[in-house]
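Trainee: The sequence and its predicted three-dimensional model are supplied below.
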Amino acid sequence: MKPAEPWFGERTGEPVALAAHSSDLYADTDYAAARREQGEPGPLGDVAPGIMKPPVWTWEIPLYFWTGGIAAGSSFVALACDLSGDHRSARLARMVSLGALAPSPPLLIMDLGRPARFLNMLRIFKPRSPMSMGAWALSVFGGLGSGAVAADVFGRTRLARSLGAANAVVGGYLGSYTGVLLASTAVPLWSRSRLFLGPIFVATATATGAAAVNLVTPLKPLRQVQAGAMAAELILSVINERRLGRLAAPLRRSRKMKTAKWLVNAGLALQALRADRIASMLYLAAGLLFRYAWVEAGTVSARDDEAVSRAARDAAGDRGGRTPGSD
Amino acid sequence: MRKGFFTDTSVCIGCKACEVACKQWNDLPADGGEFRKGGSYDNTGALGANTWRHVRFVDMHGGGWTFMSDVCKHCTHAGCLDACPTGALIRSEFGTVVLQSDVCNGCGYCIPSCPFGVIDRDHDDGRAAKCTLCYDRLEDDLEPACAKACPTDSIQFGDYEDLVEVAERRVAALHDRGVEDAYLYREPAGGLGAFFLLTEPPERYGLPADADSPLQQNVVPATLAAVGAGLLAAAGVAAAFARARR
């Protein structure tokens, strides 16, 4: 009987079951289960509990990944509409983008341990920290986006277009940095996906952004964009899961991930039947589930001491480092 | 001058005086004693926001225990320091990594960025917290509380270069006495400011075999891939619209 998996973001420090042999405590992690299936012996003998701490982020963060992604994706659509001369749709896309962005800062502030100190995020500018760069990108994106919508409202079309174009550039970072943020942690599942997380997240952002605009104003090219971006996301995910092997067990086992993939496939089938707007809704739901699945799977991966220790040894091997106590 | 800790597990008796001294000096709340909380006969659990020294009990399965007083490693390549978006985490004049609690807003990014699971966010306080290597005591030329309290000198404090020399001599002495498994756990993360003498593989103490700042390792390649994909996506959307117009 397996114990229920802890909800991610839950307080750490739960009591550990007693066992005669400490390695038995970790026999039922995803990683160890996958290893047993392949009939391999344990690589490290005993691993003491809790090598690293899982993230403490709660439900707000994956939800923000989703809203921020939609905002970034629809800023791409706004620019493309302007470039192809469809200024009415560009205006709507800019509004969708701002609408999706609006809940993002409150979500992020709610997740802080000390919400009143949220402005400390803009205290320094630190290129090395994706969290710092993300806070700045979100601020600039919000400023440009509101400016563009205001310019639209007051009939300053040229100003609105140039602000919108600038926003699409910032959006290229806003839609992808969330993947970089996760990839730059010590969580094995995330850091070992470092070249895939950004592209996967930007594909989800593009697809959900296009889907959101498509629900407001159906446009023919948006059908291709949402289908293409979602298909790219699916393909990248499958490739990444293959190359990660056992490390991807929490992703493969995630019910949210399975549902998301099913929704994408259903959406693609519906688009073949020309039910594009229903497909848009499915893609939006799939995008949300993808975000939650990635964050939760990372938390499971960080709790999996055997996965963490094996990833550390693999990374050391990649760097050509010497590891003590290995055979 | 860089200061550090040399923790020699070969003489640790698991008395947890360091934990008590740390909690007293730094005014840290108890986090609930519980029989066998941290496995084996360890009743205090793990390093966390309110436990800056933790003595781990490594059960040798019939061969007694090995004890290890774990602490923040004050890494040369510190993941938490690289991650911090507010500048709350700083490198002090003693070469240590110190969290300024009046700046931290509790974003939590330092927590998964530490490969050693040291820093954590207190649920009630909302801010991250970890060992400061007793920054306030160092300013007054006092040694950190844990090192002061340690009855076997398992925890030694001093100038970093001196400590490395002491530690290397100790390893050589143990090798001479036939303890051939003794080695220093000092190389990860560009060099650990607080390092350890171990006699078992690192994982048995809950330490990764190797580590580096995950940000220094991953930010550049991950950002290049991400921004490249972002540009490609924006170009793809524009191309789809341009084609539809024709």
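Mentor: All right, it came through fine.
Trainee: From now on I want contacts and neighbour counts done on CA atoms only, so please keep to that.
Mentor: Fine.
Trainee: what residue is smack in the middle of the chain?
Mentor: All of this is about chain A. Nearest to the geometric centre of chain A sits A:R291, at 4.5 Å (Cα atoms, centre = their mean).
Trainee: try chain B instead
Mentor: B:C72 (3.1 Å).
Trainee: how about it, what does it touch?
Mentor: Contact analysis of B:C72 by Cα atoms under 8 Å, 6 or more residues apart in numbering or on different chains lists B:W52, B:R53, B:V118, B:I119, B:K130, B:C131, B:A194.
Trainee: near chain A, from these?
Mentor: B:V118 (Cα under 8 Å from any Cα of the partner chain).
Trainee: Now do the closest residue in space to A:L222 that isn't next to it in sequence: how many residues are near it, please.
Mentor: Distance criterion Cα to Cα, 6 or more residues apart in numbering or on different chains; nearest residue to A:L222, sequence neighbours excluded, is A:A210 at 5.8 Å. Counted with other Cα atoms under 10 Å in any protein chain shown, residues neighbouring A:A210 total 36.
Trainee: cool, B:A17 as well?
Mentor: The number of residues near B:A17, taken as other Cα under 10 Å, comes to 18.
Trainee: give me every residue that touches it.
Mentor: B:C146, B:A149, B:C150, B:P151.
Trainee: how close does it get to chain A?
Mentor: Distance of B:A17 to chain A, computed by Cα to the nearest Cα, to the nearest Å: 22 Å.
Trainee: And for B:M68?
Mentor: For B:M68, the distance to chain A - Cα to the nearest Cα - is 12 Å.
Trainee: and that residue, what are its phi and psi?
Mentor: Torsion angles at B:M68 (phi, psi; degrees, to the nearest 10) stand at phi -140, psi 120.
Trainee: isn't it right next to B:D59, touching?
Mentor: No - proximity of B:M68 to B:D59 does not meet the contact threshold set by Cα atoms under 8 Å, at 11.2 Å.
Trainee: Who has more neighbours out of the two?
Mentor: A count of neighbours by other Cα under 10 Å puts B:M68 above the other of B:M68 and B:D59, at 27 against 22.
Trainee: partner residues bridging the more buried one?
Mentor: B:R56 (DSSP bridges).
Trainee: tally of neighbours for residue 174?
Mentor: Reading this off chain A. 30.
Trainee: think we crossed wires, I meant chain B
Mentor: So B:L174, with other Cα under 10 Å, has 16 neighbours.
Trainee: again, but for A:T185
Mentor: Neighbours around A:T185, by other Cα under 10 Å: 32.
Trainee: Which residue comes closest to it once chain neighbours are left out?
Mentor: B:S113 (4.4 Å).
Trainee: Report the contact partners of the one you found.
Mentor: The contact partners of B:S113, by Cα under 8 Å, 6+ apart, come to A:S184, A:T185, A:A186, A:V187, B:G79, B:C80, B:A83, B:S213, B:P214, B:L215.
Trainee: Angles on the backbone of the second one, please.
Mentor: Dihedral angles phi and psi of A:T185 (degrees, to the nearest 10) take the values phi -100, psi 180.
Trainee: Which helix or which strand is home to the residue nearest to A:L222?
Mentor: helix A:194-216 (DSSP states H and E).
Trainee: Could you tell me which residues make contact with B:C18?
Mentor: B:R53, B:H54, B:S69, B:A145, B:C146, B:A147, B:A149, B:C150.
Trainee: Surely the first one and B:M68 touch.
Mentor: So the one you mean is B:R53. No - taking contacts as Cα under 8 Å, B:R53 lies outside contact range of B:M68: 10.0 Å.
Trainee: Now tabulate the contacts of B:S113 in TSV and tack on pLDDT and distance to B:C22.
Mentor: Converted to TSV, these look like this (pLDDT from 0 to 100; distance: Cα to Cα, whole Å):
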residue	pLDDT	distance to B:C22
A:S184	95	31
A:T185	95	28
A:A186	94	27
A:V187	95	29
B:G79	95	23
B:C80	96	21
B:A83	95	26
B:S213	93	26
B:P214	94	28
B:L215	94	30
